[in-house]
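Asks: quick one, fold the following:
(2 chains)
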Amino acid sequence: MRYFTIFWLELLQATRDVRAGLVIAVASLFFVVAFTQGNERVGVTASAVAVSTAKNRQAWLAQPPQNPHGAAHFPVLLAKPTAPLASLVAGADGILPGHLVTDAHRLLPAKGTSAADAPFAQAIGTLDTAFVIGVILSLLAVLAGSDLVAGEKERGTLRLTFANPVRRNRWLLAKIAGRTTGFLVAVTLAASLALMIAGGVVLGPSGLYEGMASSAPNDVMGRLGGFLFLSAIYLAVWITIGAACSVFSARVASATLAAVVLWIALVVIAPRAVATIAELGDPIPATSPARMAIRVEEVRLRRQQEAMVETLKASGGLKGAGAITTTEGPAAVRDIIDAAAARAQAKADAPIANWRERQLTKLDAFGCISPTSLYFRIAAGFAGTDGQRHHEFLNQASAWRSAFLERLNRLEDRGIAEFSDYPSVAPFQFKETASQRIWIQQSASVATMLCMWLIILLLCFFRFKHYDLR
Amino acid sequence: MIEAVGLTKRYGDHLALDRLDLTVQPGEVYALFGGNGAGKSTTINLFLGFVPPSAGEARVVGIDVAANPVEAKRHVAYVAENVMLYGHATARENLQYFVELSGRRLSKTDAYGALEALGLPTEAFERQVRFLSKGMRQKCGLAIAFAKGASALFLDEPFSGLDPLAATELQQAIAALKANGKAILMSTHDLFRARVLADKVGIMRCGRLVAKLEGESLRVANLEQLYVETMAGKSVPA
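Replies: Model (predicted):
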């Protein structure tokens, strides 16, 4: 009861402190910008998909012989749907191109910016909700925590408090809990205010709604729950870092200075340092030679295919021009060529794929140095805007395309060439990873964040045990 | 009861307090005099358990503070030179908060009663403490001590910086607590008020209790002259 009283007074103080108003004002302002931009980002993606779809349809309508094979290309349009929380966390989607498969044979980028074209996003990050929490609010949180103990000492309330039968660590825990709750309440108010100002863009037709449309609403809520839980833990970590600075200082000014220096080190310097260290002695493999190798292999295979078709023509086994529709020979040829092309593709991609795996392993290992790096990674995971979902889409699209082509070829091989047969192929639908699986995938990272918090708390306790109350 | 037995505190080579012996019975006020660095604050810090003693014992109602600080503090109240309360909380909220820290629950009515008993004006009860004068804050501090029901009070220069009216009111409040049976150890520079309130007086210099007066010797002593001479090292009365 005694410690609940401490918690409650801390909360009460927070509601009357002018700094709480400052947090609400700053956070609201940034949230409004982030929500609006998030909405715009999602809207741009949706319109890019619509434009590509229309363009592809026009191309099909304009083709001279509307043969069944060509007709089949239109329903083959594959578009990566907007990530469930894309309006909140831009993640890798902000710089990786989204993809549309505009015909059965090629992948075309439909939107997005390459890393080289987005230096600001690379250096600072996109101003999305995750950025507001990860960077702006973390600074306010660490400042809010930095006077927790030193402020009490400077004001003289610490002596009065410990003239009572109060245990140091329980008092500190109650104070941190109260300060954290007060801060989170202020942030929640700011987010609600921003939602009202921004006209519900997050929940509107192009906001979360877009995400809900592409997956089950329950999954979006699960992901949103994960994102909010993570954000609360992350801000608690920063308040505790501020408290740790406070416990190591006798004065508010020195605690605040230490908190700001730590924030710069962990938010601004560490993520870049980690990326630099990860790439040391292991630069990204050049992609151009690999891509050139694919082109050469494709041309070689195409020539091989043409030669085999010529052979078939000469043997009188071909029925019509422009389509391979007879006997089992052409299907076998296609299988051989597809398999060879896939092998060439895999061979060309292997160095980059291996490098990416090595980098991810290193970043996983070093990532826990900075809570901010960890936060952005987990947030993108919950939002579905990480590279994982992007690759998942490519894998599903590729598998579906193979299955579709196989069916298309089988129909042609059986001499079925009616247009009406082709739409019977089930259209592609990207299967969003369920939020339960996301929670499982992210559990190790979330546990790392919680461990980080616990370690800082223990450090505070250890130091405060010997804190000079004079 | 407040009791120091051979209480010593050493910071490295510096001897901050040297074998202090004193006893304050219930209903008594013990006034400690001395210049800066004389050891007054160190004495109070030792009784509050803020620093461990190098030797000797500080006891409150017979409990050794160093050995059992939490239990000892159930019987302790402390009023600082500048009573610093939580500025954004009202006088009543501060009172309830600090009394609850001592393990007692206090209703709103009881809190008002305690504040009133120590002479705080009614209109100040629900005012945020940051808007109260220093005198009012000191009274709040004493009201907390009173409401806690602590039997041992430690007052660290309570009259410092108060105007004469506020100091007189505070003096009356301390007298009321004394009459209530509290044992009060007070460090002060105010010889006039100490003469009125104190049953025992000690003068400290360089960590040592160099003069001790009580009863008849205190009544007849010229405190001001004794203080000046003791501080100048001219005499060391028994």
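Asks: looks like A:Val32 contacts A:Ala191 (just checking).
Replies: No: A:Val32 is beyond contact range of A:Ala191, at 9.9 Å (criterion: C-beta atoms under 8 Å). For the C-beta atoms, the positions are set from N, CA and C on the backbone; glycine is no exception.
Asks: any idea of the pLDDT on residue 132?
Replies: Just going to use chain A. Note on A:Val132: pLDDT of 94.
Asks: wrong one, chain B
Replies: With respect to pLDDT, B:Leu132 has a value of 89.
Asks: not counting sequence-adjacent ones, nearest residue to it?
Replies: What sits nearest to B:Leu132 in space, not counting adjacent residues and going by C-beta to C-beta, 6 or more residues apart in numbering or on different chains, is B:Ala124, at 5.9 Å.
Asks: does A:Asp364 count as helix, strand or coil?
Replies: Secondary structure for A:Asp364, judged by DSSP: H, G, I helix; E, B strand; the rest coil, is helix.
Asks: burial measure for it, as a count.
Replies: Residues lying near A:Asp364 (other C-beta atoms under 10 Å in any protein chain shown) number 14.
Asks: swap in B:Gly119?
Replies: 17.
Asks: that one: what secondary structure?
Replies: Applying three-state DSSP: B:Gly119 is coil.
Asks: you'd agree it is up against B:Lys139?
Replies: Yes: contact criterion C-beta under 8 Å: B:Gly119 and B:Lys139 qualify, at 5.7 Å.
Asks: which residue, other than its chain neighbours, is closest to the residue of chain B found nearest chain A?
Replies: Nearest residue of chain B to chain A (C-beta to the nearest C-beta) works out as B:Met84 at 3.1 Å. Nearest residue to B:Met84 in three dimensions, chain neighbours excluded: A:Gly156, at 3.1 Å (C-beta to C-beta, 6+ apart).
Asks: quick one: that neighbour and B:Leu170, what's the gap?
Replies: The gap separating A:Gly156 from B:Leu170 is 18 Å, by C-beta to C-beta, to the nearest Å.
Asks: give me the residues contacting the helix or strand that contains A:Thr256.
Replies: For A:Thr256, the host element (DSSP states H and E) is helix A:252-263. Here helix A:252-263 makes contact (C-beta atoms under 8 Å, 6 or more residues apart in numbering or on different chains) with A:138-139, A:142-143, A:145-147, A:149-151, A:154, A:238, A:241-242, A:245-246, A:248-249.
Asks: average pLDDT across that helix?
Replies: On average, helix A:252-263 scores 95.
Asks: following element in sequence after it, please.
Replies: Using DSSP H and E, the helix or strand that follows helix A:252-263 in sequence is helix A:270-279.
Asks: same for that following helix, what does it pack against?
Replies: helix A:329-367, helix A:371-383 (3 or more C-beta pairs under 8 Å, 6 or more residues apart in numbering or on different chains; DSSP states H and E).
Asks: before we move on, the earlier item: okay, A:Gly156 and B:Leu170: which has more neighbours?
Replies: A direct count of neighbours by other C-beta under 10 Å for A:Gly156 and B:Leu170 places B:Leu170 higher, at 23 against 15.
Asks: quick one, strands of the chain?
Replies: The chain I'm using is chain A. Ranges of strands in chain A, per DSSP state E, are A:78-79, A:98-101, A:108-111.
Asks: oops, chain B please
Replies: Assigned by DSSP E, the strands in chain B fall at B:2-11, B:14-24, B:29-34, B:55-60, B:63-64, B:76-79, B:152-156, B:183-187, B:200-205, B:208-214.
Asks: can you pull the residues of chain A lying near chain B?
Replies: Contact residues, chain A versus chain B (C-beta under 8 Å from any C-beta of the partner chain): A:1-2, A:5-6, A:9, A:12-13, A:16-17, A:155-157, A:159-167, A:469-470.
Asks: which of those residues fall in helices?
Replies: Of the residues of chain A next to chain B, the ones assigned to helices by DSSP state H are A:Arg2, A:Thr5, A:Ile6, A:Leu9, A:Leu12, A:Gln13, A:Arg16, A:Arg155, A:Thr157, A:Arg159, A:Leu160, A:Thr161.
Asks: what number of residues lie near the third one?
Replies: Right, A:Ile6. Counted with other C-beta under 10 Å, the neighbours of A:Ile6 add up to 22.
Asks: that one touches A:Gly178, doesn't it?
Replies: Yes: contact criterion C-beta under 8 Å: A:Ile6 and A:Gly178 qualify, at 6.8 Å.
Asks: ok, the residue minimising distance to the centre of chain B - contacts?
Replies: Closest to where the C-alpha atoms of chain B average out (C-alpha atoms, centre = their mean) is B:Leu155, at 1.7 Å. Going by C-beta under 8 Å, 6+ apart, B:Leu155 touches B:Tyr78, B:Val79, B:Ile174, B:Ile184, B:Leu185, B:Met186, B:Ser187, B:Thr188.
Asks: list just the nearest of these to B:Gly103.
Replies: B:Tyr78 (15.5 Å; C-beta to C-beta).
Asks: ok, A:Leu405 to chain B distance?
Replies: From A:Leu405 over to chain B the distance is 70 Å, taken as C-beta to the nearest C-beta, to the nearest Å.
Asks: and A:Ile378, by the same measure?
Replies: 35 Å.
Asks: list the residues that contact that residue.
Replies: Taking C-beta under 8 Å, 6+ apart, one finds A:Leu230, A:Gln442, A:Ser445, A:Val446, A:Met449 in contact with A:Ile378.
Asks: redo that, cut-off 10 Å
Replies: Counting by C-beta atoms under 10 Å, 6 or more residues apart in numbering or on different chains, A:Ile378 makes contact with A:89, A:130, A:226-227, A:229-231, A:233-234, A:367, A:386, A:438, A:441-446, A:448-449.
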